[in-house]
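S.K.: Okay, predicted coordinates and the sequence, questions at the end:
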Amino acid sequence: MLESEKSPAPSAPGSAPSAAGRARVPEPAGPLGDGHGGGHGDAPSATAEPRRMLFPEGPAADPAGSHHERRIRSFRPRRGRVTVGQGEALRRLWSKWGLDIDGRHRLDLGELFGVPDLPVVLEIGFGMGEATAEMAAADPGTGILAADVHTPGQGNLLNLAERKGLDNVRVANGDAIILLREMLAPGSLSGLRVFFPDPWPKKRHHKRRLIQPEFIELAVTRLKPGALVHCATDWEPYAEQMLEVLSACPELENTQPDGGYAPRPDFRPMTKFESAGLAKGHKVNDLLFVRR
């Protein structure tokens with residue numbers, strides 16, 4: 001697929017941090033990955049140091065390099081301004097709980113989490129990580145592999161994990177497509193979460209949306225039977241597309257008898273961005289499908 005266009009598409013008003021990265025900064029020369037989330041961080045100045053220089057042991061700026069094809073991205077890189085606490089977490093914890101999505105090796109999830117046969121859920125796009133940490137704390141028997149490219153969010157999630165004593169969270173930096181295709185074994189995941197991805201509301205940008213037939217076709221190959229696919233969005237046209245794409249996948253079954261949207265499950269925390277969207281009259285739709 002082709003490289004991203006130079007100007008970012010505007011995000012839907014009131015939407016939460018996206019699985020596609022709602023950046024307002026231009027993309028670097030090389031592909032940075034299919035990342036995904038990102039809170040609303042400030043753009044760095046033109047003289048800002050590359051993050052590998054700021055965090056020598058932290059996330060790489062371009063983990064997959066040029067050895068994977070360029071294509072239309074569903075995200076934009078999110079650098080933003082890293083706080084002291086986030087920076088310290090990146091320096092101290094990246095080697096312990098972080099990994100770069102370089103596409104060069106297959107992950108052993110049991111080894112990654114230190115628990116053989118641990119059920120692992122992939123979360124694509126976690127923003128600042130508050131909801132991810134809350135879900136990890138509520139379900140310590142499940143590992144969460146959280147993928148994003150938003151540096152402040154990566155540091156914040158690592159900081160939260162340490163403060164809350166969460167050893168079931170791992171932070172992946174880079175392209176989730178490469179992670180799924182090159183680094184995760186078939187049938188290795190117990191779930192997939194995509195919460196509030198960038199809706200790319202303009203018609204000409206719909207090709208950038210993450211939830212597309214090709215993405216779901218890839219993702220289901222990495223899911224175990226019974227794995228839960230959980231998507232949520234506050235952009236109704238995108239919810240309609242999600243429902244259409246997920247319903248059309250023969251390996252997935254809607255958990256709702258009427259084939260529609262699901263009520264928000266108690267295990268998905270309400271975020272401040274979601275609350276703000278609801279206050280503006282946005283309707284949030286959850287979709288829960290099970291891998292056959």
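M.R.: Sure, I can see it. Numbers count the residues shown, from 1 in each chain.
S.K.: For the rest of this, base every contact and every neighbour count on C-alpha atoms.
M.R.: Fine.
S.K.: Flag the shaky bits of the chain, pLDDT-wise.
M.R.: 1-54, 66-79 (pLDDT under 70).
S.K.: so what's the backbone phi/psi at Pro199?
M.R.: phi -80, psi -10 (degrees, to the nearest 10).
S.K.: Please apply the same query to Leu118.
M.R.: Torsion angles, degrees, to the nearest 10, at Leu118: phi -70, psi 130.
S.K.: Please identify the helix or strand for His230.
M.R.: Following DSSP states H and E, one finds His230 within strand 223-233.
S.K.: For that strand, name the packing helices and strands.
M.R.: Judged by 3 or more Cα pairs under 8 Å, 6 or more residues apart in numbering; DSSP states H and E, strand 223-233 is in contact with strand 189-195, helix 236-248, strand 285-291.
S.K.: what residues does the longest one touch?
M.R.: Right, the one you point to is helix 236-248. Helix 236-248 is contacted from outside by 199, 211-213, 216, 231-233, 252-254, 259-261, 283-285, 287, 289, using Cα atoms under 8 Å, 6 or more residues apart in numbering.
S.K.: Walk me through which strands the next helix or strand after that helix pairs with, and which way each runs.
M.R.: Using DSSP H and E, the helix or strand that directly follows helix 236-248 along the chain is strand 252-254. When pairing is defined by DSSP bridges, strand 252-254 lines up against strand 285-291 (antiparallel).
S.K.: Alpha carbons only: can I get the strand it pairs with in CSV?
M.R.: C-alpha atoms of strand 285-291 as CSV (Å, rounded to 0.1, in the frame of the first residue of the first chain):
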residue,chain,number,x,y,z
ASN,A,285,-21.4,1.7,20.0
ASP,A,286,-19.7,-1.5,21.2
LEU,A,287,-19.3,-4.5,19.0
LEU,A,288,-18.5,-7.9,20.4
PHE,A,289,-17.8,-10.9,18.2
VAL,A,290,-16.5,-14.3,19.0
ARG,A,291,-14.0,-16.3,16.9
